[in-house]
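Undergrad: my questions concern the predicted model and sequence given below.
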Amino acid sequence: MERRAPERPGRGFSLLELVVVLALLTVVASLSAPRLAGFMQGRTVREEARRMLSMLEWARGEAIARGERVVAWFDPATSTYGVRLDTPAGGAEQPLRRYALDDDLTLHGESAAANESGQLEVLFWPDGAIDPLSARRIECWEKDAPSLAIALDEPGFNFRVEDPRDAPAS
């Protein structure tokens, strides 16, 4: 005589229980997706601002290490930015670094600080000092609204990340 193992009820989930759990997960995911998307977009702007700030610090260090003038440039027309050696007028430009913004981001700044090509420039002297005629503020916009800015501090020694939405209305 063959013995069978006794059947134990409740060893799995019924189809109805699985459908209910999947329906609940779908509702939770659909409610949280818009918030998660907003979080990721904000993160992109913050990451870009940190990269710009790091690039500016690197450009200063490069000017000191090379003993030459180094320019950090920001081009609002092409949404690119980078670092190059400062060359005399008509000299060949020597790019050291070049970055492109995410498609949803654009650059803005003071038009008075732009060169003849429309680029905003920050010139670092061989001692690491920032030229007084350099751009003092570069804004990174997301979808036609200011999101973050890289701004020169009051003494004019270092750049920092600012949120333009926190600035008092003038």
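TA: It's in. Numbering: from 1, shown residues only.

Undergrad: quick check: residue 63 touching residue 128?
TA: Yes. Using C-beta atoms under 8 Å, residue 63 is in contact with residue 128, at 6.1 Å. For glycine as for every other residue, the C-beta is placed from the backbone atoms N, C-alpha and C.

Undergrad: who has more neighbours, the two?
TA: Legend: neighbour count by other C-beta atoms under 10 Å for residue 63 and residue 128, higher for residue 63 (25 against 15).

Undergrad: quick one: contacts of stretch 135-145?
TA: Applying C-beta atoms under 8 Å, 6 or more residues apart in numbering, the set of residues contacting stretch 135-145 from outside is 41, 44-45, 48-49, 52, 74, 101, 104-110, 113-114, 120-122, 146-152, 156, 164.

Undergrad: and it, how far from the chain's centre?
TA: Centroid separation for stretch 135-145 versus its chain: 11 Å, with C-alpha atoms, centre = their mean, to the nearest Å.

Undergrad: the residue most central in space within the chain in helix, strand or coil?
TA: Nearest to the mean C-alpha position of the chain, by C-alpha atoms, centre = their mean, lies residue 48 at 1.2 Å. What DSSP: H, G, I helix; E, B strand; the rest coil gives for residue 48 is helix.

Undergrad: hmm, it is touching residue 102, no?
TA: Yes. Using C-beta under 8 Å, residue 48 is in contact with residue 102, at 6.7 Å.

Undergrad: that's a helix at residue 24, yeah?
TA: Yes. Counting by three-state DSSP, residue 24 is found in a helix.

Undergrad: any idea how far it lies from residue 31?
TA: 11 Å (C-beta to C-beta, to the nearest Å).

Undergrad: try residue 20
TA: 17 Å.

Undergrad: out of those two, which sits in the more crowded spot?
TA: Between residue 20 and residue 31, counted using other C-beta under 10 Å, the more crowded position is residue 20 (12 against 9).
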